[in-house]
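Trainee: How does the following fold in three dimensions:
(one chain, ligands or ions: 1)
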Amino acid sequence: MEKKAETLTAAKRAAGYRAAEMVEEGMVVGLGTGSTVYFTIERLSERVRDGLRIAAIPTSFQTALRAKEAHIPLTTLDDNPVIDIAIDGADEVDPKLRLIKGRGAAHLREKCVAAAAKHFVVVVDEQKMVKKLGVAAVPVEVLPFAITPVLGQLSGLGCVPIVREAVKKDGPVITDNGNFVVDCRFREIKNPEKLEAVLASIPGIIESGLFCGFTKKTTVIIGGLKKVKIISSADIVA
Ligand code: 5RP
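Mentor: Model (predicted):
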């Protein structure tokens with residue numbers, strides 16, 4: 001493995017493991033999706049093997065399969081509508097702890113789980129910390145029935161909307177919920193809260209990857225090679 005990739009993996013592992021240590025006996029845990037949460041699952045698996053009792057709500061088929069393999073007991077939002085702690089990755093985090101998520105097309109369930117959680121813990125490596133959101137495209141989950149009018153509305157907002165293509169399947173990515181994902185690259189995101197609200201108001205858009213509403217209950221764990229940095233809403237400079 002290249003040195004750079006090794007360093008990145010170590011940073012993700014450090015963040016993912018640190019988050020797993022925040023989980024306490026008897027908790028209902030929201031489990032996000034992706035390569036950083038992978039390490040949270042790995043560490044939680046060890047802790048469960050050592051006797052920790054938890055129930056986890058996965059945010060994707062990928063995480064459900066990984067959690068099952070790791071012998072982590074699973075539950076649902078129906079049985080546990082309030083989650084003690086949700087742990088998830090992110091594609092970008094700004095200084096106000098607002099996020100872009102959805103590289104893995106799991107942001108719809110991830111937002112449902114984050115909304116139900118008392119504490120939202122975001123695990124990232126340093127590269128994900130940005131001054132301003134918007135280098136990453138904003139993923140938007142769209143009802144296939146409405147794809148054409150939605151693409152028109154998205155273009156009208158000043159972005160270049162691209163229907164995400166699958167890699168090992170011809171045609172579009174189909175989410176775990178049976179929908180399309182449109183990646184929207186904006187020249188600039190001046191007001192992320194407003195953009196999130198505008199996207200939510202378009203019929204046919206089911207959810208965007210902008211996460212601006214959880215900052216007060218968010219803790220961000222930033223993995224590095226030598227140390228892990230933790231920031232929360234108390235550290236936000238207005
Ligand atoms: C999936 C997500 C992921 O949490 C996000 O893309 C971060 O993933 P990774 O930890 O692999 O970089 O939002 O929809």
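
Trainee: Could you give the average pLDDT over the longest strand along the chain?
Mentor: Among the elements of type strand in the chain, defined by DSSP state E, the one spanning the most residues is strand 117-125. Per-region confidence: strand 117-125 scores 98 on mean pLDDT.

Trainee: quick one: the following helix or strand past it near the ligand?
Mentor: Remark: after strand 117-125, the chain's next helix or strand is strand 138-142, criterion DSSP states H and E. No: for strand 138-142, no contact with the ligand is found by CB under 6 Å from any ligand atom; the gap never falls below 7.4 Å. For every residue, glycine as well, the C-beta is placed using N, CA and C.

Trainee: In the sheet, which strands lie alongside strand 138-142, parallel or antiparallel?
Mentor: Strand pairing for strand 138-142, determined by DSSP bridges: strand 180-186 (antiparallel), strand 205-208 (antiparallel).

Trainee: Is it possible to get JSON lines of those strands that adds mean pLDDT, distance to the ligand and mean neighbour count?
Mentor: Below are those laid out as JSON lines (pLDDT from 0 to 100; distance: least, CB to the nearest ligand atom, whole Å; neighbours: other CB atoms under 10 Å):
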{"stretch": "strand 180-186", "mean pLDDT": "97", "distance to the ligand": "9", "mean neighbour count": "21"}
{"stretch": "strand 205-208", "mean pLDDT": "98", "distance to the ligand": "11", "mean neighbour count": "22"}
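
Trainee: Please identify the longest helix in this protein, counting by residues.
Mentor: Across the chain, the longest stretch assigned as helix under DSSP state H is helix 3-20.

Trainee: care to break the protein down by domain?
Mentor: 2-131+213-233, 138-209 (automatic domain parsing).
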